[in-house]
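Novice: How does the following fold in three dimensions:
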Amino acid sequence: MAAVLGVCAECLRARPREALVESEGAHVRARRPFGLPEATPNSPTGFRCVLCSRQCSIAEGERGYCGLRTVRNGRLVHLAGVPGRGMLEWYRDPLPTNCVADWVCAGSAQRGFHNLAVFYEACTLDCLFCQNWHFRKRRPEQGGFLSAEQLAAVANERTWCVCFFGGDPAAQMPHALAAGRALARRGVAVCWETAGTSHPKLLDQAVELSLVTGGCIKFDLKAYDPAIYRALTGASHEAVFENFARAAARFRERPEPPLVVASTLLVPGYVDAAEVGRIARFIAELDPDIPYALLGFAPQFAMNDLPPTSLRHAEEAERAARAAGLRRVRIGNRHLLGRDY
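Specialist: All right, here's what the predicted structure looks like:
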């Protein structure tokens, strides 16, 4: 059990209402040092942001949960995440790289080329185990933005694909879609790595870009049990699984290389084989050929008192995923696996 949560998976499953009271405080404590809103703004008279499933209703002077929207003088202001202002870092990652989909994607065969890795520095979730939590230190007041066109201009003749990740591109989807379209015009395959919280209409556009360019959209399905998902991320899982089903409905339009890929981080004590089995059954009912990667956890952020995922844990999860009906399952990040439990 992680000390920051103070509750275990069994308690979350058996007594979710009581257990989630404990976990809510953990999210407040995790966000406060970074000046991020401690809860989803829900002003009855506020301005609603519809970019993601949180649907923040923001009052004058407040910020949206991701930190990138505010209200000034009675007007909703996008501090970043629009086509003219992206808050991000980028780098060239030689192919093949350690992409979640590297075992099934077309880019893994493009030796001599590179992936344009675009790390968006904001997120719509509050994962207490976040493996890339350092983006929380970035604030829009610091400036240093890139427009979508400026980002697309860094592509060169060796850029085979782009991957929008983070953080999460969902918090800056208008910028990511504009950059993706500009890169597609340059012949670059467009990929996404996301928790899946985008507005469905924006998600549809992201899937379409991947479909027509030869890229893929990778969903990080963090948990299936509603209480476990909320305890770990501070959010509901409903929109995520609805969006995944929405994307999976298009999987057969291009099964090779796969348009849709799923992954789950094996958080010790919380995302066990039983949890993976439930996620895998959900995926298999949509299409048993959707690839599913099981990823090793490294102690990070607020859950750094947990051990790395054990080899036994990963192998049990793999068996559960296959037993649930999935045909393409892989244990990724094997170098992170330990033998602590």
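
Novice: check contacts around L12.
Specialist: Applying Cβ atoms under 8 Å, 6 or more residues apart in numbering, we find L12 in contact with 19-20, 23, 225, 227-228, 231, 270. Every residue, glycine included, has its C-beta placed from N, CA and C.

Novice: just curious, which of those is nearest to R246?
Specialist: Closest approach to R246 among the contacts of L12 (Cβ to Cβ): D225, at 21.4 Å.

Novice: confidence score at the closest residue to that closest one other than its chain neighbours?
Specialist: Closest residue to D225 apart from its sequence neighbours, by Cβ to Cβ, 6 or more residues apart in numbering: R13 at 5.8 Å. pLDDT, R13: 96.

Novice: tell me the SS of R13?
Specialist: Following DSSP: H, G, I helix; E, B strand; the rest coil, the label given to R13 is helix.

Novice: pretty sure it is touching A227, no?
Specialist: Yes: R13 lies in contact with A227 (Cβ atoms under 8 Å); the separation is 6.5 Å.

Novice: Tell me which of the two has more neighbours.
Specialist: The neighbour comparison of R13 against A227 (other Cβ atoms under 10 Å) goes to A227, with 22 against 15.

Novice: name the element the more buried one belongs to?
Specialist: For A227, the host element (DSSP states H and E) is helix 226-233.

Novice: All the helices of the stretch 201-341 of the chain, residue numbers only.
Specialist: Shown for the stretch 201-341 of the chain, the helices assigned by DSSP state H, counting those that start in this stretch span residues 226-233, 238-248, 273-286, 311-323.

Novice: Any chance of those helices in TSV with mean pLDDT as columns?
Specialist: What follows is these, written out as TSV (pLDDT from 0 to 100):
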stretch	mean pLDDT
helix 226-233	98
helix 238-248	98
helix 273-286	98
helix 311-323	98
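
Novice: continuing past the longest helix anywhere in the chain, what's the next helix or strand?
Specialist: In the chain, with assignment by DSSP state H, the single longest helix is helix 16-31. Using DSSP H and E, the next helix or strand after helix 16-31 towards the C-terminus is strand 47-48.

Novice: Could I get the buried residue list for stretch 36-56?
Specialist: For stretch 36-56, the neighbour count (16 or more other Cβ atoms under 10 Å) marks 36-37, 41, 46-47, 49, 51-56 as buried.

Novice: about what we covered before: okay, the helix holding A227 in CSV with CA atoms only?
Specialist: Output of helix 226-233 as CSV, limited to C-alpha atoms (Å, rounded to 0.1, in the frame of the first residue of the first chain):
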residue,chain,number,x,y,z
PRO,A,226,-13.9,3.1,-10.8
ALA,A,227,-12.6,3.6,-7.2
ILE,A,228,-9.1,2.4,-8.0
TYR,A,229,-9.0,4.7,-11.1
ARG,A,230,-10.2,7.7,-9.1
ALA,A,231,-7.8,7.0,-6.2
LEU,A,232,-4.8,6.8,-8.6
THR,A,233,-5.7,9.6,-11.0
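
Novice: Look at the closest residue to R186 other than its chain neighbours and report its pLDDT.
Specialist: If the residues on either side of it in the chain are set aside, R186 comes closest to A155, at 5.4 Å by Cβ to Cβ, 6+ apart. Note for A155: predicted pLDDT of 98.

Novice: before we move on, what about A148?
Specialist: Value for A148, per-residue pLDDT: 98.

Novice: Would you state the strands of this protein in chain order?
Specialist: With strands called from DSSP state E, the chain shows them at 47-48, 57-58, 69-72, 75-78, 88-94, 114-120, 159-166, 189-194, 217-220, 260-266, 292-296, 329-331.

Novice: got JSON lines for these, with mean pLDDT and distance to F241 too?
Specialist: Shown next, in JSON lines, are the strands of the chain (pLDDT from 0 to 100; distance: least, Cβ to Cβ, whole Å):
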{"stretch": "strand 47-48", "mean pLDDT": "97", "distance to F241": "23"}
{"stretch": "strand 57-58", "mean pLDDT": "98", "distance to F241": "24"}
{"stretch": "strand 69-72", "mean pLDDT": "98", "distance to F241": "25"}
{"stretch": "strand 75-78", "mean pLDDT": "96", "distance to F241": "28"}
{"stretch": "strand 88-94", "mean pLDDT": "98", "distance to F241": "27"}
{"stretch": "strand 114-120", "mean pLDDT": "98", "distance to F241": "22"}
{"stretch": "strand 159-166", "mean pLDDT": "98", "distance to F241": "20"}
{"stretch": "strand 189-194", "mean pLDDT": "98", "distance to F241": "13"}
{"stretch": "strand 217-220", "mean pLDDT": "98", "distance to F241": "9"}
{"stretch": "strand 260-266", "mean pLDDT": "98", "distance to F241": "11"}
{"stretch": "strand 292-296", "mean pLDDT": "98", "distance to F241": "14"}
{"stretch": "strand 329-331", "mean pLDDT": "98", "distance to F241": "19"}
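
Novice: Of all those, which one is nearest W103?
Specialist: Closest approach to W103 among the strands of the chain (Cβ to Cβ): strand 329-331, 5.4 Å.

Novice: which secondary structure elements does the closest one contact?
Specialist: In terms of contacts (3 or more Cβ pairs under 8 Å, 6 or more residues apart in numbering; DSSP states H and E), strand 329-331 is packed against strand 292-296, helix 311-323.
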